[in-house]
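Peer 1: could you work out the structure for the sequence below:
(chains A and B)
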Amino acid sequence: MNYESIIGLEVHAQLATKSKMFCACSTAFGNPPNSNICPVCMGAPGALPVVNFAAVEMAIKAGLAFGSQIQHKSIFARKNYFYPDLSKGYQISQYEFPLCLGGHLDIPLASGETKRISITRIHMEEDAGKLTHDYGHAEKSHVDFNRCGVGLIEIVSGPDMRTPQEAADYFRKVRQILVYLGVCHGNMQEGNLRCDANVSIRKVGDTKLGTRTEMKNLNSFKAVERAIAYEINRQIAAVERGEIIIQETLLWDDAAGKSASLRSKEDAHDYRYFPDPDLLPLIVTTDWIEGIRKQLPELAAAKAARFVRDYGIPEYDAEVLTAERDMALYYEKCIAVYNSPKKISNWIMTELLRELKNEGIDITACRITPEHLAQLVTLIDDGIISGKIGKDVFEEMYTTGHAPAAIIDTKGLKLVSDTSELDAIIERVLSTNQKQVEQYKSGKVAVFGFLVGQVMKETKGQASPQVVNELLKKKLS
Amino acid sequence: MTTSLTQLTIHESHERLKTGDVTSEELTQAYIKRIEAVDPQLNCYLTRVFDSALLQAKKADAQLKQKSDVTPLTGIPLALKDIFITKGIRTTCASKLLDNYIPPYNSTVAEKLDRSGAVLLGKLNMDEFAMGSSNEHSAYGPVKNPWDLTRTPGGSSGGSAAAIAADLCAGTFGTDTGGSIRQPAAMCGIVGMKPTYGRVSRYGIIAFASSLDQVGPMAKDVMDCALLLNAITGHDARDATSIAAPVPDYTHGLQSGIKGLTIGVPREYFIDGIDPQIENHVRSAIDQLKLLGANIVEISLPHTEYAVPVYYTIAPAEASSNLARYDGVRYGKAAPGAVDLADLFKRTRTEGFGPEVTLRIIIGTFVLSAGYYDAYYLKAQKVRTLIKQDFLKAFHNVDAIVAPTAPTAAFKLGEKSNDPLQMYLNDIFTIPANLAGLPGISLPCGLTENNLPIGLQLIGKPLDEATLLRIAYAYEQSTEWHTKKPSMQKSDAKK
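Peer 2: Sure, this is the predicted structure:
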């Protein structure tokens, strides 16, 4: 029997505002527990929320980028449930009347075509705090409210994805756009971006949707792919055994590579949503929307096309360089210093990306500044150092963050172009390799390369290959 | 007989403070003495902060002497309903759950009072979380009505109303969600005003029903009421529902009289069940307004009968959510001996909340539940809109509305405590103004045969507190009801 899977994602993205959604507390990550808190986000008696309009602006930006209809009037609603990380006993969210309705996102398929994934809605809400169980008291848990009240948008897709791969690609693309817009840091380790997946299966040809399950705790692209694949297989196996899929919420355990049931439909919360009486309806004027639209930055696809057009680099290069906004910025900064787009692209795509990947860091943490990388390429082009020495200099730059010129100076790596010094070396090479000289003179020109190599070896690579070529030819003629 | 210091109104005290005839310290000491002597009978104060009050008084005296930063409230001993968050001063909301709660911040109102140079004597008793009409739902025992110690002072701001009537403070602020300022003001023979929703910041007011709660002054006379309102009114960026409208000086124009004003008498407010003595006194008050030059016209507010059920749907719904934060995790009294998380929540809330609060949380949870939301909460919101429209239509033709504040005078302690519906009906005339967000004021307009105060209610247009104060002042100055003082005795009268 052939099955197809129906997948929809709910992506939760923390907004990159400086302060929280409904109070002035900092959103900074990594501060000591319960240091970014105030009466409002702690749910103190009598404290009241006030909307952070910078967060609304970011949500509108996201909505515009995904082609959503920005609603002129949306309503904050309370989602009521008890949990220790939820300071007010309810989460301020949007329910019946979200800020953004509709929209879509095109993802690339393996075939080279693109597929349009619909977006149902984007709404605003606040994050909860974080429970920790590892403070050394077996009998106690602790809760950190630093994250409580940080602004979020939830982007809900239609049930349009058919494979785990498509889901992961969609999630990647959503992240890329949000990071490009500057509305989310997109750092999954820090929990900036989380995702839940709704999964169901049906026999190929069926038009009715199967019962879906909701998988929570998908915190990496790999986890999205693995968890969905796992769930599809679980559902197929269950149906094959003649079982009925029950509607339930599942929790993905990435370390164990499996899921566990969190609650069934019968135990589902009744969140008792109702409009938050502490907040007036959110009114967004056309002027505001159009002002934001004008400020929308160039997104990855447009940037890649421009790189191909303006810099003449291959499409593949452009795609790699624009995959991350910060990388594209880095590249453009290099170009601004030294306009040699393809050579700089080569250095980034081969050397730099390899090192970053090995170290597991992001371009923003890279010790080589764009100016230094551009200078390195300039030095090679000007014949100050050879390409081969350039690689050594690069390694040094990567480790120390020093400027290439400084490294060349301290290590004495400048190319030898003093012909009198080179003359002596060439004489020595020619006299110790009489046989090859004879061969060359008798017409075996291929030996020339060997002789160049020998000279380079003698100079420890610091000779300019061009100068060596010229001098050697003169001597042998 | 010379009037004792505690009997002075705020404006009288202010004149004497300014001339140096009396100091704030003397005034404060006089109140402290009276509280210590009288309050054991009444149970108005939940927390007394006399040491800090005397420090504030000394500071006020220095300001008065130097004539720097003197406001009409400088050096005036006030108190606050225990629903106002006061930094560093225990704030219980009359609930066991917050028995040990010392807030880390100040409400906007407390902050403004502090800046005005007023002296804070302490925190006043109330119904737990402001849920009640008799002050019998306080976790710290009921407040007695100074006019008859066997009766309730009304609620929920019962401690505040009784404290003013008994001269235990010069003025206070209460909160009014369904009549919690006006009804106890009526029952204790004082002046109490609920301003327009959004006129006064709710920041730092422990929430009961957010779309209805409003802070307002409670005072010995209308002039004091205006002075107190001046001190707290205005937009607050920390409360998204607060209104950014210009704030007038409410003492201006008080004396300009009411000639030519049209005042509406809603026929739905004179119904069966209203005590005939109340009706008679309110009708005489209306005659007095006519005598003072107002045009009196009969009007209709046809959806009035739905106000109580609408209120008892919306208010508990909001309360059930507002009170969800009391889980014992971050503050308040967590119940000991919980075996797991659900048990901690359950025990803390079961042990911490009194029966009336529990009842309303259950009602509120029910009306918001899946499958019932449309039939109850949503429908109530629709009817609320109709009630609001009734008023706005009426205000095309009238400048203000006059009505009784409550259908009865103060009732006996325990008389209605086993009959929530009877208790709820006591708010029948005050609830509509909350649902419509309108300003309302209650002032004394008579005494029953048993010597119990009767309240006259005026309801105004949105943000038109000034007209209400003007009418109230004209009435007050032409009658003597505001000068009557309570007996501080028990009475044997049955009704």
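
Peer 1: just the terminal-to-terminal distance for stretch A:316-333.
Peer 2: Stretch A:316-333 stretches 20 Å from its first residue to its last (C-alpha to C-alpha, to the nearest Å).

Peer 1: and it, which residues are buried?
Peer 2: For stretch A:316-333, burial by neighbour count (16 or more other C-beta atoms under 10 Å in any protein chain shown) applies to A:317-322, A:324-325, A:327-328, A:330-332. For every residue, glycine as well, the C-beta is placed using N, CA and C.

Peer 1: same check, this time on stretch A:461-475
Peer 2: Going by 16+ other C-beta under 10 Å, stretch A:461-475 has these buried residues: A:461, A:462, A:463, A:464, A:465, A:467, A:468, A:471, A:472.

Peer 1: which one of the residues you listed is nearest chain B?
Peer 2: Closest approach between the buried residues of stretch A:461-475 and chain B, by C-beta to the nearest C-beta: residue A:461, at 66.6 Å.

Peer 1: what about the closest one, helix or strand, and which?
Peer 2: Residue A:461 belongs to no helix or strand when assigned by DSSP states H and E.

Peer 1: that one reaches residue A:386, doesn't it?
Peer 2: Yes. If you go by C-beta atoms under 8 Å, residue A:461 and residue A:386 touch, sitting 6.1 Å apart.

Peer 1: for the stretch 101-250 of chain B, just list every one of the helices.
Peer 2: Taking DSSP state H, counting those that start in this stretch, the helices of the stretch 101-250 of chain B run over residues B:108-116, B:158-165, B:182-188, B:222-232.

Peer 1: remind me which residues of the stretch 51-200 of chain A are low pLDDT?
Peer 2: Applying pLDDT under 70 to the stretch 51-200 of chain A flags the ranges A:135-138.

Peer 1: to clarify, my last question referred to chain B.
Peer 2: In chain B, residues with pLDDT under 70: B:1-3, B:493-495.

Peer 1: that one: strands as residue ranges?
Peer 2: Ranges of strands within chain B are B:45-48, B:77-81, B:119-124, B:171-176, B:191-194, B:214-219, B:262-266, B:295-299, B:400-404, B:440-447, B:453-460, based on DSSP state E.

Peer 1: can you tell me the centre-most residue of chain B?
Peer 2: In chain B, the residue lying closest to the centroid (C-alpha atoms, centre = their mean) is residue B:181, at 2.0 Å.

Peer 1: separation between it and residue B:154?
Peer 2: Residue B:181 sits 10 Å away from residue B:154, going by C-beta to C-beta, to the nearest Å.

Peer 1: now, which of the buried residues of stretch A:461-475 lie within helices?
Peer 2: Those of the buried residues of stretch A:461-475 mapping onto helices are A:465, A:467, A:468, A:471, A:472, per DSSP state H.

Peer 1: let me have those in TSV, extended by pLDDT and distance to chain B.
Peer 2: As requested, those are exported to TSV (pLDDT from 0 to 100; distance: C-beta to the nearest C-beta, whole Å):
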residue	pLDDT	distance to chain B
A:465	77	70
A:467	79	73
A:468	83	75
A:471	83	79
A:472	85	80
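
Peer 1: which residues does the closest residue to chain A within the stretch 51-200 of chain B contact?
Peer 2: As assessed by C-beta to the nearest C-beta, chain A sits closest to residue B:85 within the stretch 51-200 of chain B, at 4.3 Å. By C-beta atoms under 8 Å, 6 or more residues apart in numbering or on different chains, the contact list for residue B:85 reads A:44, A:45, A:46, B:91, B:103, B:105, B:106, B:107, B:110, B:204, B:205, B:206.

Peer 1: residue contacts, the first one?
Peer 2: The reference is to residue A:44. Neighbour list for residue A:44: B:85, B:103, B:104, B:105, B:330, B:331 [criterion: C-beta under 8 Å, 6+ apart].

Peer 1: go again using 7 Å as the cut-off
Peer 2: Residue A:44 makes contact with B:103, B:105 under the criterion C-beta atoms under 7 Å, 6 or more residues apart in numbering or on different chains.

Peer 1: now do the phi/psi pair for it.
Peer 2: Main-chain torsions, residue A:44, degrees, to the nearest 10: phi -60, psi 150.

Peer 1: the second one too?
Peer 2: Dihedral angles of residue A:45 (phi, psi; degrees, to the nearest 10) stand at phi -60, psi 140.

Peer 1: quick check: it vs residue B:129, distance?
Peer 2: For residue A:45, the distance to residue B:129 equals 10 Å [C-beta to C-beta].

Peer 1: once you drop chain neighbours, what's closest to the residue in chain A that chain B sits nearest to?
Peer 2: Taking C-beta to the nearest C-beta, chain B has its nearest neighbour within chain A at residue A:89, 2.4 Å off. In space, residue A:89 comes closest to residue B:324 once its chain neighbours are excluded; the distance is 2.4 Å by C-beta to C-beta, 6 or more residues apart in numbering or on different chains.

Peer 1: my read: residue B:218 touches residue B:172, true?
Peer 2: Yes. If you go by C-beta atoms under 7 Å, residue B:218 and residue B:172 touch, sitting 4.8 Å apart.

Peer 1: and the two? Which one has more around it.
Peer 2: Set residue B:218 next to residue B:172 and count neighbours by other C-beta atoms under 10 Å in any protein chain shown: residue B:218 wins out with 32 against 28.

Peer 1: would you mind naming what in the stretch 1-150 of chain B lies close to chain A?
Peer 2: Applying C-beta under 7 Å from any C-beta of the partner chain, we find that the stretch 1-150 of chain B lies next to chain A at B:85, B:93, B:98, B:103, B:104, B:105, B:107.

Peer 1: residues contacting the fifth one?
Peer 2: The neighbours of residue B:104, taking C-beta under 7 Å, 6+ apart as the test, are A:39, B:87.
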